[in-house]
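Visitor: next one to model:
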Amino acid sequence: MNFTIKTATLATLVVLTMSVSAFAAYVDEHFNTDTANLAVDYPDYALTGNGSGSVSGQQLRLNSGGSPALGFTTLSTLPASPDYDIRVQLTSTGGTPGNHNVGLFLGTGTPGSMGANDNLIVFHPGFATGALRVQGTGGFGNTDVGFTPAQGVLHTLAVHRDGAGTFTVTLSDGSNPANSFTTSWSNPSLTTFKVGVATVEALSGTPTGIYDNLFAIPEPSSVLLLGLGGGLLASRCRCRRPN
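Guide: You can find the predicted model right below:
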């Protein structure tokens, strides 16, 4: 058998090997294990704040008991990287629209006890305008997203962090893909952070925050993965048997 590997492919493999910690750090959580005991079945995460949580129907469900915000976050911070892509699907059921929110947390503290440079990105399912806001450094108040994100429908909240510390958030309507809202804020100090989800009920009520498909990965890892895939494909194409 004649087997040839290009120098570029070897270089890709070497870089990938040196960067194994970056690959181990990404979050790709689909909540596949139903449980009433999050601490046992999801040991890489912490439930903090006021309320309770469980996974049923392969979706995380958080029931806020009021302030402080109830959060479910990674125990470890992600490594510093110039670019990050983070996304989650989320909604709520029950309660009164406008009196509770659901959101995505990025920071070193918790959603209920945020650190100096943390951010909590929230919107209000079932409430006209959605009232999306970013709490924490560089953030902004309740903002009209141009549509009403319905309760009981999973919407996508996606955040991209670039190398300059600009965070761009997009809320996409799960009921109508044509509806989306994008804006940004600046927080250069937030370079390494835990990732998680949150909810809080401001007034009386019993809403349930629902979450699925929590994802976070540094973009350089994506590039390396693509490089590895291309390199291995090139190697495979050069593996041939003699005539």
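
Visitor: now do the helices in the chain.
Guide: Ranges of helices in the chain, per DSSP state H, are 7-18, 20-24, 38-41, 219-237.

Visitor: what packs against the third one?
Guide: Pointing back at helix 38-41 there. strand 45-48, strand 51-56 (3 or more Cβ pairs under 8 Å, 6 or more residues apart in numbering; DSSP states H and E). Bear in mind the C-beta positions are built from the backbone N, C-alpha and C, glycine included.

Visitor: could you dump the ones you listed into CSV with mean pLDDT and distance to N117 added?
Guide: Formatted as CSV, the helices and strands packed on helix 38-41 follow (pLDDT from 0 to 100; distance: least, Cβ to Cβ, whole Å):
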stretch, mean pLDDT, distance to N117
strand 45-48, 98, 18
strand 51-56, 97, 25
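
Visitor: between those strands, which gets nearest to G138?
Guide: strand 45-48 (23.0 Å; Cβ to Cβ).

Visitor: need the contact partners of that closest one.
Guide: 29, 38-39, 53, 70-75, 110-113, 196 (Cβ atoms under 8 Å, 6 or more residues apart in numbering).

Visitor: show me which of those is closest to R133.
Guide: Distances from R133 to the contacts of strand 45-48, taken by Cβ to Cβ, are shortest for P111, at 13.5 Å.

Visitor: confidence score at that closest one?
Guide: Among the per-residue scores, P111 shows a pLDDT of 97.

Visitor: so Y84 touches E219, yeah?
Guide: Yes. Y84 lies in contact with E219 (Cβ atoms under 8 Å); the separation is 6.9 Å.

Visitor: one step back: winner for burial among the helices and strands packed on helix 38-41?
Guide: strand 45-48 (a mean of 20; mean count of other Cβ atoms under 10 Å).

Visitor: would you mind putting the CA coordinates of that strand into CSV?
Guide: Only the C-alpha atoms of strand 45-48 are listed here, as CSV (Å, rounded to 0.1, in the frame of the first residue of the first chain):
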residue,chain,number,x,y,z
TYR,A,45,-23.4,22.2,36.0
ALA,A,46,-24.6,24.1,39.1
LEU,A,47,-28.2,25.1,40.0
THR,A,48,-28.1,28.4,41.8
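
Visitor: more neighbours: which of Y84 and E219?
Guide: Y84 (26 against 16; other Cβ atoms under 10 Å).

Visitor: one step back: what's the closest of the helices and strands packed on helix 38-41 to G136?
Guide: Nearest to G136, of those and by Cβ to Cβ, is strand 45-48 at 16.0 Å.

Visitor: isn't G53 right up against G65?
Guide: No. Contact between G53 and G65 fails when scored by Cβ under 8 Å: they sit 11.1 Å apart.

Visitor: buried subset of the contacts of strand 45-48, written for PyMOL?
Guide: Per 16 or more other Cβ atoms under 10 Å, the buried members of the contacts of strand 45-48 correspond to this PyMOL selection:
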select buried, resi 29+38+53+70+71+72+73+74+110+111+112+196
